[in-house]
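**Student:** Need coordinates for the following:
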Amino acid sequence: MLLHIDRVKFKVKPTGAEIGGIKSRFTKSASIKDMTAKQLADCLTAGQTVQPGVCPFSESSRTKGYKGTKDADFAKQTVFMNDIDNKRKDVPAETPAHIAELLAAHGLKAAFMYETFNSTATQQRFRYAVVCDKEITDRAERDRIQGAIIAMSPQADTDCINADRIFFGTDKGLLDGYTDFEAVCSKESLLALADAYSLPEQPVQSAQAAQDKKKQSGIIPDGERNSTLASAALSLLKKYGDSDGKAYEAFLQTATKCVPPLDDREIASIWNSGVTGYRNKVLTKPGYIAPPEYAAQEFARSLEPEDYTDVDRHSYSLRCTAGAFVIAGLRNGLYITARNGTKAN
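**Tutor:** Residues are numbered from 1 along each chain as shown. Now for the predicted structure:
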């Protein structure tokens, strides 16, 4: 069976730039491997990441500037995986035994199950893989099967529906009693499962409408938390630097918008990755603008009128440095005292 396999082995759950690196490596055709269920399990228990949906990186995705595999490039899929997070408190916690029972009731069986990096004694998080006897190339059939596997349990991560979904490996090995590398499920049985279980249809909305809705809600949803925080960490470090704690304080405030919340260890890991990237790549980059000058430019930009009703656009000029602001040419004779104590007009 074909799928994407990342060559990098992780000992803890990847975050931020590490996830971006995985997605980027999956754009290479060499990441698509033909593997058995056992070989796949061996990769996962070694800490490697997989993407069951084969999505060869298209010229269209490259032209659009994408840096990782995309759902729209789906070509085929043989193994289907699901992520049980057990995050919900309003329904019973899911167990490997119950998942096995649900599958068996439909003549299906998992090839293996494993606990995730962040699984604990009080909140078991696990994944399982189901192998189809035929390669699925029809997108509608693929989505029905994946949707049914998710819909079986209210504790499943609904973000697993995407064809470009990646699944991290583990540091805990396979779960005893739930391994059968020879287990293969017929396509007909999987489609029958899809007749019994399905995810609720989501209202169709434009990408811009979805983005606007997220901004208005002020939350960072599951599936976007790591990438959003990684981007925020780097932006805040560029703005404030890493010496006085302002960037870290703002970062922690941003992290409170994650729904559901990320655990403290993961938040710390994302921040530390951001600091490393800032020190190793940003500070050493030619043309880097230090925080004081960055702040000066931000302030100067805030002084420019939103419109030029009372200001001649051509007579407006603005200069700023880390030590002073100079504004000139405004009809109303705007004055501002510069940081160095001089006055500009």
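**Student:** alpha carbons only for contacts and neighbour counts from here, please
**Tutor:** Fine.
**Student:** what mean pLDDT would you report for stretch 136-156?
**Tutor:** The pLDDT scores in stretch 136-156 average 96.
**Student:** Check which residues of it are buried.
**Tutor:** For stretch 136-156, a neighbour-count test (16 or more other C-alpha atoms under 10 Å) marks 136, 142-156 as buried.
**Student:** what mean pLDDT does the strand or helix carrying residue 249 have?
**Tutor:** When elements are assigned from DSSP states H and E, residue 249 belongs to helix 246-255. For helix 246-255, mean pLDDT rounds to 89.
**Student:** try stretch 115-127
**Tutor:** Regarding stretch 115-127, the rounded mean pLDDT is 96.
**Student:** gap between residue 257 and residue 238?
**Tutor:** Using C-alpha to C-alpha, to the nearest Å, residue 257 is found at 21 Å from residue 238.
**Student:** got it, and residue 85?
**Tutor:** Distance from residue 85 to residue 238, by C-alpha to C-alpha: 34 Å.
**Student:** cool, and residue 42?
**Tutor:** Distance from residue 42 to residue 238, by C-alpha to C-alpha: 40 Å.
**Student:** So for these two, which sits in the more crowded spot?
**Tutor:** residue 238 (19 against 15; other C-alpha atoms under 10 Å).
**Student:** what residues does the helix or strand that residue 143 is a member of touch?
**Tutor:** Here residue 143 sits within helix 139-151, counting by DSSP H and E. The contact list for helix 139-151 (C-alpha atoms under 8 Å, 6 or more residues apart in numbering) reads 74-75, 77, 80-82, 136, 156-158, 160-161, 190-191, 193-199.
**Student:** Now list the buried members of the residues you listed.
**Tutor:** Using 16+ other C-alpha under 10 Å, the buried ones in those are 74, 77, 80-82, 136, 156-158, 160-161, 190-191, 193-194, 197-199.
**Student:** Filter the residues you listed down to just the ones in strands.
**Tutor:** Counted as lying in strands by DSSP state E, out of the buried ones among the contacts of helix 139-151, are 77, 80-82, 136.
**Student:** Return the closest of those with respect to residue 261.
**Tutor:** Nearest to residue 261 out of those is residue 82 (C-alpha to C-alpha; 20.5 Å).
**Student:** quick one, what contacts that closest one?
**Tutor:** Counted by C-alpha under 8 Å, 6+ apart, residue 82 has contacts 127-129, 149-150, 156-157, 160.
**Student:** And residue 151, how close does it get to residue 52?
**Tutor:** Applying C-alpha to C-alpha to residue 151 and residue 52 gives a distance of 18 Å.
**Student:** got it, and residue 108?
**Tutor:** 18 Å.
**Student:** neighbour count winner among those two?
**Tutor:** Shown here are residue 108 and residue 52; by other C-alpha under 10 Å, residue 52 has more neighbours (24 against 21).
**Student:** of the buried residues of stretch 136-156, closest to residue 13?
**Tutor:** Among the buried residues of stretch 136-156, residue 156 lies closest to residue 13 (C-alpha to C-alpha), at 18.4 Å.
**Student:** pretty sure the closest one contacts residue 84?
**Tutor:** Yes. Residue 156 lies in contact with residue 84 (C-alpha atoms under 8 Å); the separation is 4.4 Å.
**Student:** since we're on residue 41, how many residues are nearby?
**Tutor:** Per other C-alpha under 10 Å, the neighbour tally for residue 41 reads 22.
**Student:** Where does it sit, in terms of helix or strand?
**Tutor:** helix 37-45.
**Student:** Can you give me the buried ones in that helix?
**Tutor:** For helix 37-45, the neighbour count (16+ other C-alpha under 10 Å) marks 37, 40-41, 43-45 as buried.
**Student:** need the helices for the chain, in chain order.
**Tutor:** 16-25, 37-45, 59-63, 96-104, 139-151, 187-196, 207-217, 225-240, 246-255, 264-277, 291-303 (DSSP state H).
**Student:** Just tell me which of the ones you listed ends up closest to residue 168.
**Tutor:** So among the helices of the chain, helix 37-45 is nearest, using C-alpha to C-alpha, at 7.1 Å.
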